[in-house]
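> Build the 3D model from these lines:
(2 chains)
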Amino acid sequence: MKKVIYILSFVLFLGACDQGFEELNVNPTKPVQVDVANKLTALQKFISSERYDNWRANLIYQSTMMQHFATTAGYWSGDKYTWNKGYASSLLDRYYENAIKTVEDMLVQLEEEGAPEEMKAITRILRVYAYSRLTDLYGDIPYSEAGQAVISGIFLPKYDAQSEIYPDLLKELEESAAALASGTSGFGAADVIYGGDQAKWKRLANSLMLRLGFRLIKVDAAGSQAWVTKAISGGVMESNADIFYLQHDTDNRNGNGEVFLADGEMRMSKTFIDFMQNASDPRLPILSARRLDGSTATADLIGLPNGLDSEMLMTMTGEENTDNYAEPNRSIITGVEAPMFFQTYAEVEFMLAEAAERWGLAGGNPEPHYNEGVRAAMKMLEIYGPAAAIADADIDTYLANNPFDSANAIEQINTQYWAATFLNEYETFANWRRSGFPALVPVNYPGNVTGGTIPRRLTYSESEQSNNPDNYAAAVAAQGPDELTTRVWWDVP
Amino acid sequence: MNKKLHYYLMIVSFLCFQFTMAQNRTVTGTVSDNTGSPLPGVNVVEKGTSNGTSTDFDGNYSINVADGATLVFSSLGYATREVAVGTQTTVNVSLAEDASQLDEVVVTALGIRKETKALGYSLTEVGGEELSTIKTPNAINSLQGKIAGVNITQNSTGAAGSSRVIIRGSSSLSGNNQPLYVVDGIPIGNENNGSASLWGGSDGGDGISSINPDDIESLSVLKGGAASALYGSRAAGGVIIVTTKSGQGRDGFGVELSSSVTFDKVDTSLQDFQTEYGQGIRGRKPVNLVEARDNGLSSWGARLDGTPVVQWDGVERPYSYVGSNLDHFYRTGTTFINTVALTNSTGNSNYRLSASDLSNEDVMPNAGLNRKTFSLNASTVLAEKLTTSVNAKYIIEKVNNRPRLSDAPGNGNFTVANLSPNVDVRFMEPGANEDGTERTYSTNTFSQNPYFAAYNFRNEDVKNRIIASTSLRYDILDWLYLSGRIGIDHSTIRRVAVEPFGTAYKPLGGINEEERRYNQVDADLILGLERDVTDKFSVSGFVGTNSNHIKEEQLNLGGNDFIVPGLEDIGNTVSQSRSRTYGERKIGSLYGSLELSWDDWAYITFTGRNDWFSTLSFPGKTTPNDDFYPSVNASLILSDALNMPEFVSFLKLRGGYSEVAGGAQNPYSLSLIYEIFGNPIQGQPLGRVSGGTVPNSNLVPFSKSETEIGLDARFFNNRLSLDLAYYQNETTNDIVNVATSIYSGYNGASANLGKVENKGIEFLINATPIRTEDFSWNTTFNGAHNKGKVLATDDVDSDVSLDEPRTQNVRITHIVGEAYGTIVGVSYDRDPSGNIRYEIDAEGVPRAVEGERKVLGEGVPPLTLGWTNSFAYKNFNLNVLIDGKFGGQIFSGTNTVVYGNGLHKATLEGRESGLTVSGIDAATDQPFTTTVAPENLSTYYGEINDIAEHFVEDSDYIKLRQVSLGYSLPSSILKNVFLSSVDFSIIASNLFYIKRSIDNIDPESAYNVGNSQGLEYFGVPSSRSYGMNINVKF
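Numbering: from 1, shown residues only, chains lettered A, B, ... in the order given. So this is what the prediction gives:
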């Protein structure tokens, strides 16, 4: 009898050896899945990104290369065309582990849950937007194999050629637009950009198609025209209510705004100030203010030339202090709760003007589109706040004094485009390379790495050379040296 | 009737103080050996009882026994004798030597007691007095240098800091390599609750430090896999079994009092900086307050000449050497340890109840710890064949201001070490202005005022810990038993850390409130047997099952930017963050052991253990969640089996093979999880994938297989003994981080691809060269040499990077084919003949060119040696321990920084008339020679400052580590008093370095206890300790 008891108690213990282990190893503090809508909100925040890459890629490099900003500070590499590899790769360093990882994960979840096509469409549009930012800035990038470490087990993605990425992006936009109709999407209020309004997403898909279609102009003019035509007939943005932007708040801060909080070195570039001064642009006192005292009086707003350091400025003007120059207006546009613009209605109107000019599309007359674009660009500033509102009468005056000049249509349209994309320097840089306008005069600072020319791309992450050497080497072999002067596929000279 | 009365009287008498109730007869006498020399320490026991005593230094004893008693005289190495007392009151006995009677019993795995004869592996048992003679706040540190193959370093983590114990080399590239600690049969948690990294931080203490050294009876170190295979998946780093004192061993009621006091003084002789030039730059004294503050820690000034020069606070003081700031700032630390223990032992039960208080004031001002320990060990016979025992310990520990280590913010050590020779740190007190803001001495806000760091920063934690276990044993039959044990280790740590309002680098301050809970429940059920099958053939063995369950939880509340100055509360902050982490895991096991022995001279033992892991289980997972660990070991007592020459008293050969495991301790890491994070935007919550590492659902623990052989030989009647061990172990499937491209969305993945190998020898030589009536001298020499090598890392054998210090020019890295944990850092750029390349700058100053990163050394010294000498003269004893470590290197962050700021003696060269430098001009690749002007020396030396190669040096040392001089009151005095023993000793430790290869720092001053050894950066300076102990038993 005793023996039986002993054996029984042993068996009991035996059976208990791994009982309940599977359930125990499930984390009680973290969910095994979250609502895809929450991921959408996060994705939109990730696309606007954070201070890190907005500081380095958006402002330090592109804003100064495009001569919106200028500075004498040495670490603002874009002003002098020097090469800081960590700054240059900053968008890559952040986007893949946030935006790209999230969007690829969302597509898998939407597929598994059998979500309606319109939700997938919205996700695909955002995906196209994120990749377009990346490929426009860097050229060949991981695309088909990106963000897939867990999904497909690909730890070392290959770099896809831009010539293959672009057609796929455009196809994605086309299919997504077709899948969208009207009404509210399943994402509902989680969509903090459009509130789930499918019609707006459809117009956005076509507007992005218009933008990406135009990018092809130098490398494939016929293809460019075809996509532009398709986009316009599909229906693009119709007013400032369609602007693709994210409104930030104090808990989720605008990356540019955080830069302005931490960095006071940037000034308005002479190129940009002169452009606005020469035309009495009503945007001048809204976008800029004098560093010294915040004055927005026209006579007080002077732009700093690009490519200077303190010593050179001293030699040139006898003064190395830059407080008398204009800086971005710190009471209106530099706050952490400011909106982050990704694509505006003004840009769409400018592209319609160019389509009319080149191919007689969109009604065939560029002038009304041009005027509408200027008006939209000025009116949209009121999204920053009431202090940024420009009266309609002032816009009328501006247009009367600076009428559309059909002899220089492309230049004029794209110069306005350049002014309208201030602070979304990714778009400024891409369109400047595509169109060649405005004609910026490069600087030639001692020690620059571009031979005194404006860079044509930014460079890849240094970690790739040790972590993903084979694919990195293949990309360099295919595209050209990993340098600031190498051109991306659509940026034909 | 007589018997009952007798029994009753015995019980009554046992329950009272022994000296108040006289028993039937007092017997005294002398025990000597067969030459007539008195034998001290011989056990004299009344047969059939637990009434016993032992002979004093003169071989005398005195014992009260019942009528008709028989006395049993026994001592190690001598044949036991029994003498019936009869009517005598004096019984003198002489004992014959019997070297073959080596039935020392030691504690092995799972608490099973075995004879050392039967062990096929190396095991060292250390008695409690090794730990209680020289007491340290972390008990394990007293063993440094005493056990071959056990490499103990405290490093510079402070009195309440962790200790690093590595047995036979590190087995895992990135896992925890410290041993498993088992206290009274149950494993206890030994997590390091926080450590310093390159950005600074404090060491949060570990688990073993909770055990009071006065409570330790013995400590068994199971070094290799063969010894610890029964612990299976937790045994990869070896096992240390701690047995605390019980009531057994002396009859009746007893009281033991121990009191010790130790004084610690910073060893200023370690630091030897220049004292000829003072604060300033370019060879000039600061001319105004701005300059004095801009160059707060720069000692490139003029020669000290006593003239008044303005300092950081605007006051002019003489430009002369002010004495060692280490002396000025650090105070004399004190440690008081008081323990009182009550024991009682009757026929069927015994208990020991103890209470202890440890109060320590660290050499760092305003830092210290208080630890109170209460413990109870009791065992009793519940019924026929059923015995039970209970062990419980309650520890409450309060630590104030653990020192911040490594980087400068909050690290007062950094400032004190770096002040110029003419700047006296004492003028920086008080650390705060009247408004509470920090009194800064430099425009660099990260240079901390050391008094502000010591008095205004707050870092307090309180730990409440219970370690308790109970066991029950039922002797089913003579040869069959069933025993069960269940134990718990539960601790709660509540910590608050404050960077006050007014801190120079963080003006609005911040606060962090944290609570950690740890809970481990362990239960065993064992069925065992011991049987002599035939005359010569015996079998013993057991099968058992174990369940181990660990829960950890951490709650964290952080606040930044105080609103109302002076109110240090989390509610008074502008922004808060909060987090909670939780982890739970379980292991279920089945194990068994079988020992076969033949004629008491041949033994072979087989063990096996199978562990099932919850961390490897997951719904839907198909790969196994368990693992099997076998071992075999054998022992041959050649001296019993064969005829040996006369001088060979004992010769044993042993060998074993084992497989154990480690790692895979992280729950929830098999699958991808998500999280809601941050704050909602426009009211919408944010969700995303949690974590940046690709989960590996097939991750398994790493395996470690080991082969060991050894020999245990004793000569000349045990006057000389030699223990040698040779081992070889290999870890496979070590868990490593596989690099991924960040474009994959993740920054790493875990895989079982690593391989590490360790080979080594251990030896222990013990000799008693002199043994006379009055005087004896025993000497022990132990040593170990371990060669660890990294055999594989991931699929492409990439380097595995561990920590780097704040200078960021060196990193501990595992490289395939090199030693474990090599120091890889920036080297000089040299031409093929070895000449250094310099870039000559615009002012003609040669600046050393940074070369590539190279292996500069290994962080863990492979050779460790310890030499103990014990002298006994009558009632006095003297013990001296010298230890040393050789073959390793250390990167000195301290030397790097003081080189750059002109405090290092090597930077004196050239200050008067310039320094001649020769090398290769990097621009032309031609040799050059130039003289660097005195005002440019800081530029020249500043460039060398970036070259890690210059600051990685050998960390070899030989140190006089412990000296203790003790006196025991003779029994002649004790007889007349009610005391049974009084021991008094004077101790000193960390006295001085007999040899030290690196200057200015203590070679054992790394700032963490993890796998990245070999990095030193401004820890608490080492101190010497002096003190005394008294121990009274009655």
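
> Distance of the closest residue to chain B within the stretch 201-350 of chain A relative to A:Val336?
The stretch 201-350 of chain A approaches chain B most closely through A:Asp251 (3.6 Å), counting by Cβ to the nearest Cβ. Any C-beta I mention is one placed from the backbone N, CA and C, and that applies to glycine too. Distance, A:Asp251 to A:Val336, using Cβ to Cβ, to the nearest Å: 10 Å.

> Next: A:Pro442.
Distance of A:Pro442 to A:Val336, computed by Cβ to Cβ: 33 Å.

> how about the closest residue in space to A:Met276 that isn't next to it in sequence, what does it touch?
Nearest residue to A:Met276, sequence neighbours excluded (Cβ to Cβ, 6 or more residues apart in numbering or on different chains): A:Leu284, at 4.2 Å. Shown in contact with A:Leu284 (Cβ atoms under 8 Å, 6 or more residues apart in numbering or on different chains): A:273, A:276-277, A:296, A:298, A:301.

> Could I get those in CSV, plus columns for neighbour count, distance to B:Asp626 and secondary structure?
What follows is the contacts of A:Leu284, written out as CSV (neighbours: other Cβ atoms under 10 Å in any protein chain shown; distance: Cβ to Cβ, whole Å; DSSP: H, G, I helix; E, B strand; the rest coil):
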residue, neighbour count, distance to B:Asp626, secondary structure
A:Ile273, 23, 73, helix
A:Met276, 22, 73, helix
A:Gln277, 16, 78, helix
A:Thr296, 17, 74, coil
A:Thr298, 11, 80, helix
A:Leu301, 22, 75, coil
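
> and the stretch 451-600 of chain B, which of its residues are near chain A?
B:476, B:482, B:525, B:527, B:543, B:545, B:547, B:580-582, B:584-586, B:588-590 (Cβ under 8 Å from any Cβ of the partner chain).

> Pick out the residue of the stretch 351-493 of chain A closest to chain B.
Nearest residue of the stretch 351-493 of chain A to chain B: A:Asn468, at 3.9 Å (Cβ to the nearest Cβ).

> how deep is the closest residue in space to that residue that isn't next to it in sequence tucked in, by neighbour count?
Leaving aside its sequence neighbours, A:Asn468 sits nearest to B:Ser741 (Cβ to Cβ, 6+ apart; 3.9 Å). As a burial measure, B:Ser741 scores 27 neighbours (other Cβ atoms under 10 Å in any protein chain shown).

> which residues does B:Ser741 contact?
A:142, A:155-157, A:463-464, A:467-468, A:471.

> A:Asn365 too?
A:Asn365 makes contacts with A:Ala356, as judged by Cβ under 8 Å, 6+ apart.

> Nearest spatial neighbour of the most centrally placed residue in chain A, chain-adjacent residues omitted?
Nearest to the geometric centre of chain A sits A:Tyr426, at 4.8 Å (Cα atoms, centre = their mean). Nearest residue to A:Tyr426, sequence neighbours excluded (Cβ to Cβ, 6+ apart): A:Arg133, at 5.3 Å.

> Distance from the chain centre to stretch B:467-475, please.
28 Å (Cα atoms, centre = their mean, to the nearest Å).

> Just give me the neighbour total for B:Ser827.
Look at B:Ser827: counted by other Cβ under 10 Å, it has 20 neighbours.

> quick one: it is in a helix?
No. B:Ser827 is assigned strand when assessed by DSSP: H, G, I helix; E, B strand; the rest coil, not a helix.

> Roughly how far does it sit from B:Asp954?
Computed as Cβ to Cβ, the B:Ser827 to B:Asp954 distance reads 17 Å.

> isn't B:Asn51 right up against B:Val44?
No. Using Cβ atoms under 8 Å, B:Asn51 makes no contact with B:Val44, being 9.5 Å away.

> Next, show the common contact partners of these two.
By Cβ under 8 Å, 6+ apart, B:Asn51 and B:Val44 have these common neighbours: B:Ile63.

> before we move on, the earlier item: only the buried subset of the residues of the stretch 451-600 of chain B next to chain A, as a ChimeraX command please.
Buried residues within these, by 16 or more other Cβ atoms under 10 Å in any protein chain shown, are selected in ChimeraX with:
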select /B:482,525,527,543,545,547,582,584,585,586,588,589,590
